[in-house]
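Chemist: Quick one: sequence plus predicted model below, questions after.
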Amino acid sequence: MKLVIAIVIALLLIVSLVTGTIYFPLNSPEAIVEIPQGAPAIVIAESLHNKGVIRNKLLFRLYIKAIGVEKYLSYGEFHFGENKSLKGVVDQLLEGRVKLHPVTIIEGLTISQTADQIANAGFIDRDRFSALCRDSLLAEELTGLQVGSLEGFLYPDTYMLPASVTEEYVIRTMVQKFFRKLSSIEIDHKDNENDSKSILDNYKYDMLKLASIIEKEATFSDEKPLISGVYHNRMRIGMRLQADPTVAYVLSKDDIFRSVILYRDLEIDSPYNTYRKKGLPPTPICSPSIASIEAAFHPEETDYLFFFANRYGRHIFSRTYRDHLQGLRALRSGS
């Protein structure tokens, strides 16, 4: 009888010890652990034990086998806080709560420039990212329109990404952020025949094209609605937009970048050259900020038709071409 009691007490102590090890926090340090894709339980246990996240490798393997999750642990770069319980560690591996890293995409970048920025931060392959962004089927799936590419849809922002992220995941995340931002803008279609309530239609896509031009034209956000007003005036009367950034976009495709567009550049034969072609370019020329998008939808009422930038990035606006030329001459003469 005494032997039975002793065995029962011993078993209770073991159960208590194991249960405590599983459910109560251990005195473990904060650690970052890289779990390779497809790593077996024995390798995961070794990695966690080497960083002090778990105390007992065998208990870890027995626990995940007992609860039937051995084949469902995530991979990636995990950040484990201090004093984690064994259950907490396993839960985090199951939920895929990996360590996230910031990458900031500034306004006004093209697909190629965005790919460079994310690739330079160590996340993706730039060529695959660019190719996916120019995949017409993926672009149509994500936007609902036959837009050909995702130029203009990669919303500029700071994103928190896991180290082992795929190119498609990043693209979808950026496009989803764009649509969330677009849905927050009050859009008045009363002057537009296409009175669609969908998240994106041809009218909204045209405004995205215009927003991308405004983004490249304006150094100061307070000028964006007025610049938008000028372009709306030009489109209303059938006047060419004559926007230098559209020509710069054509040049950038040949890796030509100039701070000032030359007269010979204005003769380039391209549907993006708004000096030769009427209306908006075929696609946006960059990813605009929310301020530029709002300015495109809500232009300032004005009778200006011309503008140019002064030495400080501010713009001088004119109603007539004669006044525009006089202003340019004054700027060049330094008066």
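Modeler: Great, that's in hand. From a predicted model like this one, the values you see are computed outputs, not experimental measurements.
Chemist: Confidence-wise, which helix or strand of this protein is lowest on average?
Modeler: Within the chain, confidence by mean pLDDT, DSSP states H and E is lowest for helix 2-23 among all helices and strands, at a mean of 47.
Chemist: The helix or strand following that one: partners in the sheet, and parallel or antiparallel?
Modeler: If you walk from helix 2-23 toward the C-terminus, the next helix or strand you reach (DSSP states H and E) is strand 31-35. Using DSSP bridges, the strands paired with strand 31-35 in its sheet are strand 76-80 (antiparallel).
Chemist: what does the partner strand contact?
Modeler: Contacting residues not belonging to strand 76-80 are listed as 28, 30-35, 51, 53, 89, 92-93, 96-99, 162-164 [Cβ atoms under 8 Å, 6 or more residues apart in numbering]. Where C-beta positions appear, they are placed from N, C-alpha and C, glycine not excepted.
Chemist: out of these, which are buried?
Modeler: Neighbour-count burial (16 or more other Cβ atoms under 10 Å) is assigned, among the contacts of strand 76-80, to 28, 31, 33, 35, 51, 53, 89, 92-93, 98, 162, 164.
Chemist: Give me the nearest residue to residue 36, chain neighbours excluded.
Modeler: Nearest residue to residue 36 in three dimensions, chain neighbours excluded: residue 75, at 6.1 Å (Cβ to Cβ, 6 or more residues apart in numbering).
Chemist: For that neighbour, give me its contacts.
Modeler: Under the criterion of Cβ under 8 Å, 6+ apart, the contact list for residue 75 reads 35-39, 164.
Chemist: can I get the buried ones among the contacts of strand 76-80 in CSV with pLDDT?
Modeler: Converted to CSV, the buried ones among the contacts of strand 76-80 look like this (pLDDT from 0 to 100):
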residue, pLDDT
28, 73
31, 83
33, 90
35, 90
51, 90
53, 91
89, 93
92, 92
93, 93
98, 84
162, 83
164, 76
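Chemist: For those, work out which two are farthest apart.
Modeler: Set against one another by Cβ to Cβ, the buried ones among the contacts of strand 76-80 have their most distant pair in 28 and 164, with a gap of 23.6 Å.
Chemist: How about the contacts made by the closest residue in space to residue 321 that isn't next to it in sequence?
Modeler: Here the nearest residue to residue 321 in space, its sequence neighbours aside, is residue 306; by Cβ to Cβ, 6+ apart that works out to 6.3 Å. Residue 306 sits next to 230, 317-321, 323-324 when contact means Cβ under 8 Å, 6+ apart.
Chemist: same thing but 7 Å
Modeler: In this structure, residue 306 makes contact with 318, 321, 324, judged by Cβ atoms under 7 Å, 6 or more residues apart in numbering.
Chemist: which among those end up buried?
Modeler: The neighbour-count test (16+ other Cβ under 10 Å) applied to the contacts of residue 306 identifies 318, 324 as buried.
Chemist: Next step: the contacts of residue 306 restricted to strands.
Modeler: Using DSSP state E, the members of the contacts of residue 306 that fall within strands are residue 318.
Chemist: Can you tell me which of the contacts of residue 306 is nearest residue 252?
Modeler: Distances from residue 252 to the contacts of residue 306, taken by Cβ to Cβ, are shortest for residue 324, at 26.5 Å.
Chemist: wouldn't that closest one be in contact with residue 318 here?
Modeler: Yes. Checked against Cβ atoms under 7 Å, the pair residue 324 and residue 318 is within contact range at 4.1 Å.
Chemist: ok, what's across the strand from the residue nearest to residue 321?
Modeler: Counting by DSSP bridges, the residues bridging with residue 306 are residue 318.
Chemist: pLDDT at it, what is it?
Modeler: At residue 306, the predicted lDDT confidence score is 95.
Chemist: can you check residue 25 too?
Modeler: The model reports residue 25 with a pLDDT of 64.
Chemist: got it, and residue 213?
Modeler: On the pLDDT scale, residue 213 is placed at 98.
Chemist: how much space between the residue nearest to residue 321 and residue 318?
Modeler: Distance of residue 306 to residue 318, computed by Cβ to Cβ, to the nearest Å: 4 Å.
Chemist: Show me the common contact partners of these two, please.
Modeler: With contacts defined as Cβ under 7 Å, 6+ apart, the residues adjacent to both residue 306 and residue 318 are residue 324.
Chemist: can you list the weak-confidence ranges in this protein?
Modeler: When residues are selected by pLDDT under 70, those of the chain lie in 1-26, 188-199, 335.
Chemist: hang on, residue 121 packs against residue 102?
Modeler: No. Between residue 121 and residue 102 no contact is recorded; they are 8.6 Å apart, counting by Cβ under 7 Å.
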